[in-house]
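In: Fold the following and give me the result.
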Amino acid sequence: MASSSFLFPLLAVFLLLVAASAAIGDIGVDGDDPVIRQVTDDHVLNAEHHFSSFVRRFGKTYSGPEEHAYRFSVFKSNLRRARRHQLLDPTAVHGVTQFSDLTEEEFQKRYLGLRSRNPFRRSGDEHKAPILPTNDLPENFDWREHGAVTPVKNQ
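Out: Predicted coordinates:
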């Protein structure tokens with residue numbers, strides 16, 4: 001009886017050690033990813049080198065030295081933020097993208113929200129959707145089958 005009461009805690013400790021070693025092994029595999037390494041390795045965090053590569057890779061041009069310096073400072077800030085986020089969640093992939101020289105406000109203004117084709121906004125019923133009948137609607141409807149869902153872009 002005494003040996004079985006000793007065996008259970010020993011088995012529990014063994015299983016915890018196995019789980020911990022598996023988790024540590026998984027962390028090592030993620031470290032081999034170059035996208036993750038670019039924002040986590042200290043010796044790779046040479047911001048000037050990354051910025052030069054970024055400018056070449058995405059064909060970025062700036063109007064002058066002042067804008068170049070400003071974009072470089074924004075890029076460094078975004079690189080630091082990507083590093084912090086990568087350390088918070090090692091399973092995610094954070095790195096340099098085509099948007100790395102934009103502030104959050106610039107990104108939101110350029111890429112989020114609805115763009116109006118008509119700069120002169122009209123008010124009235126022409127912007128209201130008609131109320132259509134809902135009789136005889138199918139119980140299930142998959143937009144993918146009708147080509148209405150597009151692949152994810154810029155991620």
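In: Checking the residue nearest to Phe99 when sequence neighbours are not counted next. Helix, strand or coil?
Out: Across the structure, with CB to CB, 6 or more residues apart in numbering as the measure, the residue nearest Phe99 apart from its sequence neighbours is Phe107 (5.6 Å). In short, each C-beta sits where N, CA and C put it, glycine included. Phe107 falls in the helix class when you classify it by DSSP: H, G, I helix; E, B strand; the rest coil.
In: separation between the residue nearest to Trp143 when sequence neighbours are not counted and Pro138?
Out: Nearest in space to Trp143, with sequence neighbours left out and distances taken as CB to CB, 6+ apart, is Val149 at 5.1 Å. In this structure, Val149 and Pro138 are separated by 17 Å, where distance is defined by CB to CB, to the nearest Å.
In: Of these two, give the one with the bigger neighbour count.
Out: With other CB atoms under 10 Å as the criterion, Val149 and Pro138 differ in neighbour count, and Val149 comes out ahead with 10 against 6.
In: how about the more buried one, secondary structure?
Out: Three-state call for Val149 (three-state DSSP): coil.
In: I figured it was touching Phe141, is that so?
Out: No - contact criterion CB atoms under 8 Å: Val149 and Phe141 do not qualify, at 11.9 Å.
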